[in-house]
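>>> Could you work out the structure for the sequence below:
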Amino acid sequence: MRFPLLIILTFFANIVPCLGQTDWAESNIPDSLRSNSDAVIRCYETEYILNNESRYTKKVHLVITVLNEDGRRTAQLMIPYDKHSSVSSFKGVCYTGMGFQADKIKMKDLSDRAYNQSFTLYSDNRVKYYLPRSNHYPYTIEYTYSLDYNGVVAFSPWFPQEDYNTATQKADLYFTFPRDYILKYKALNYPFQADSGLTNGQKYIHWTAKNIPAVKGEPLSPGYFELFPAILVSPGVISYEGTRGNTSNWNSYGKWVYTLVQERDEISDQTAREIQELTHGLRSRRDKIEAVYKYMQKKTRYVNISLGIGGFQPLMAMEVDEKGFGDCKALSNYTKALLKCIGIESCYTEIGNGKNQQIMFPNFPSAYQTNHVILCVPNREDTVWLECTNQNFPFGYLGAGNSDRYALLVSGSGGALARTPKYHANQNLRSTTLKVDLKDNGSAEINLSSHYSFYMYEKIFGLLNSSPKEQKESLLESLDSEGIQFKDFAFEKSLEGGPVASLTLNLFDNNYAQKSGKRLFLKPAFIHPLNLLNQIPLTRQQPIKQPIGYLIKDSLSLKYPENYQLESLPENVHFSSVFGDYQMEYQNSGDGKITITRSVKTKDGVFDKSLFDAINDYLSSISDSEKKQILFIEK
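Just a heads-up that it's a prediction; the model follows:
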């Protein structure tokens, strides 16, 4: 059979037409790929050639036509590498919109910098970077490069369509590997054409995608792995810096991780005595865990260090104890060591942090799905989860980026998946009490007291340790009122140390109500904006994904001038929908005071196009309610 013989030159046979074509004219892009596109990937070929379980070569040929300024980011080139990899070749060409060669790009034209340099102190991880300089649109950029790797833990997911507002004309992914090598793969969100077989004693597999239209960037869209075509590929065997493991299941992968952390949790006798004295007399196990956590926070600071096998192995606990710093792995391992010296066992835990990085495929074990380490402390029915990388984070609070997802608990018996806590809407609360003293010219003295918990606490977490100037500037930008003047304000953390904080604010508002003749028109202002979703365009392509539910509760006590009387008060309203619940109630006490209460719950979930009309009706009803006014007239 002749077909397998051709696969020997799989990469080169497919790349020749791209390289031989000198006219990458923008006019050759099909009209079907122009809609919503800022850039079009014309040709994207990636080939992995695995020599054995620890060495491989990666070759990439990429051609991108940039249609406008917003598409320029798609054309930027980033080639990450470290001491286990090297960029062995590179060349680039820039073409005009008509497809004529304009410039050549050489290796020396690439900048070379530390990868993630903004928060990495020391690192072996580097990146070769290039951003096209042309601002004459359209233009086309072509990159051809290869890297050699020594060591295999994971392969990055392959996205033939790498960003929003980017279409792809043709893309190919190739893997060639030894016959006895185990390669796992999973296709997502696209009917890839695939073929596989044997050639010259090697296995091969090849995926192809063609004419993928652009995905329009829209707020509250699902994550990359839910929207974009992708191929997940994972090595069956891990071979890295003299260590060996496998990813046949999460348990076996956890066993490899355990080899990197075992016997690295020893601390000095002096520190052990400090911890024992610190926790002596504390009644509950949870109190002891909290005391140790706060000790770690006071003694250390987060510094990302990624040297040698540092991307996977934590610093020794003894070293963290002496130097007082470490990354997420090191600080979690150090906290584990501190707990161990008072007889409390905990689990070093890998997790994916953020919207697009988490263990989304529990049936597809792979190292790529995790990027962060936390600590899990089993505590009977009250398991404690610890985020160890922030010296100001509340005890037992993981944060939105770590919540409601799978995490891998690592122990001597291997790895085991567990689910982190979900913070529900009623917990993610912002409650505000306002006292408003309305003057007869429409101005008002306002006393505001707000309390934030869980996810809403995170919204102001950065302000809690900021300077008063920064706090004031942020408040002025975020508050929903014009003409306000601050008298004084204060942020406070909860004395109990949980994810709870408060804000007290005294202010003067020149325009709280509008005066017209003998009347005052007042649209109740709760100062904090609702920040609800706007009306959903029916042309929207993607479902709405609201990752976290939250609740806003407001109570406004209004005292109006003695020389005015109430003329009209809006009716109470209550709206419910699949997206949330809204309630506004007015109460006239008859003594010159009105009390207004508002409750707005936004639900978490994924809402598809069939629900957009109902959600829009709900949002319109809220908008109408928020516009209603209270009328006062002079006596």
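>>> what's near enough to touch residue 86?
Under the criterion of CB atoms under 8 Å, 6 or more residues apart in numbering, the neighbours of residue 86 are 147-148. C-beta coordinates here come from the backbone N, C-alpha and C atoms, glycine included.
>>> who does the host helix or strand of it pair up with?
In the assignment (DSSP states H and E), residue 86 maps to strand 85-96. Sheet pairing here is set by DSSP bridges, and for strand 85-96 it gives strand 101-105 (antiparallel), strand 139-150 (antiparallel).
>>> Which positions within the longest one qualify as buried?
When you say that, I think you mean strand 139-150. 139-149 (16 or more other CB atoms under 10 Å).
>>> For this structure, just list every one of the helices.
Taking DSSP state H, the helices of the chain run over residues 3-6, 10-20, 224-227, 250-261, 269-279, 285-299, 317-323, 328-340, 455-464, 468-478, 612-627.
>>> Least reliable of those helices by average pLDDT, please.
Among those, helix 3-6 has the lowest mean pLDDT, at a mean of 36.
>>> Residue 565 - how many residues pack around it?
12 (other CB atoms under 10 Å).
>>> try residue 322
As a burial measure, the neighbour count of residue 322 was computed by other CB under 10 Å and equals 11.
>>> give me every residue that touches it.
The neighbourhood of residue 322, defined by CB under 8 Å, 6+ apart, consists of residue 268.
>>> one step back: now the strand holding residue 86, how far from the centre of its chain.
In terms of CA atoms, centre = their mean, to the nearest Å, the centre of strand 85-96 is found 31 Å from the chain centre.
>>> which parts of that strand are buried?
In terms of neighbour count (16+ other CB under 10 Å), strand 85-96 has its buried residues at 85, 87, 90, 92-96.
>>> ok, now stretch 507-520?
Of the residues in stretch 507-520, those buried by neighbour count under the rule 16+ other CB under 10 Å are 507-509, 512-513, 515, 520.
>>> One more: stretch 392-399?
In stretch 392-399, the ones that count as buried by 16+ other CB under 10 Å are 393-399.
>>> And for it, what's in contact with it?
Residues from elsewhere that reach stretch 392-399 (CB under 8 Å, 6+ apart): 289-290, 293-294, 297, 374, 384-387, 420-421, 454, 457-458, 461, 464-465, 494, 497-500.
>>> swap in stretch 582-602?
425-426, 524, 526, 530, 532, 546, 549-560, 562, 566, 569-576, 579-581, 618, 621-622, 625, 630.
>>> Now, of those residues, which are buried?
Buried members of those, counted by 16+ other CB under 10 Å: 425, 524, 526, 530, 532, 546, 549-558, 560, 570, 575, 579-581, 618, 622, 625, 630.
>>> is it true that residue 89 touches residue 148?
No. With contacts defined as CB atoms under 8 Å, residue 89 does not count as touching residue 148, sitting 9.7 Å away.
>>> so where is the stretch 51-200 of the chain shaky, pLDDT-wise?
Along the stretch 51-200 of the chain, the model assigns pLDDT under 70 to residues 116-124.
>>> Pull out the CA atoms of the strand holding residue 86 and give them to me as CSV.
Extracted as CSV, the C-alpha positions of strand 85-96 are listed here (Å, rounded to 0.1, in the frame of the first residue of the first chain):
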residue,chain,number,x,y,z
SER,A,85,14.5,22.8,25.3
SER,A,86,16.2,25.0,22.6
VAL,A,87,15.1,26.8,19.5
SER,A,88,17.1,25.1,16.8
SER,A,89,15.9,27.1,13.8
PHE,A,90,13.8,30.1,12.9
LYS,A,91,13.0,32.2,9.8
GLY,A,92,10.2,34.6,9.1
VAL,A,93,8.9,36.6,6.2
CYS,A,94,6.5,39.6,6.1
TYR,A,95,4.4,40.1,3.0
THR,A,96,2.3,43.0,1.8
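>>> out of the buried residues of strand 85-96, who's nearest residue 33?
Among the buried residues of strand 85-96, residue 95 lies closest to residue 33 (CB to CB), at 17.6 Å.
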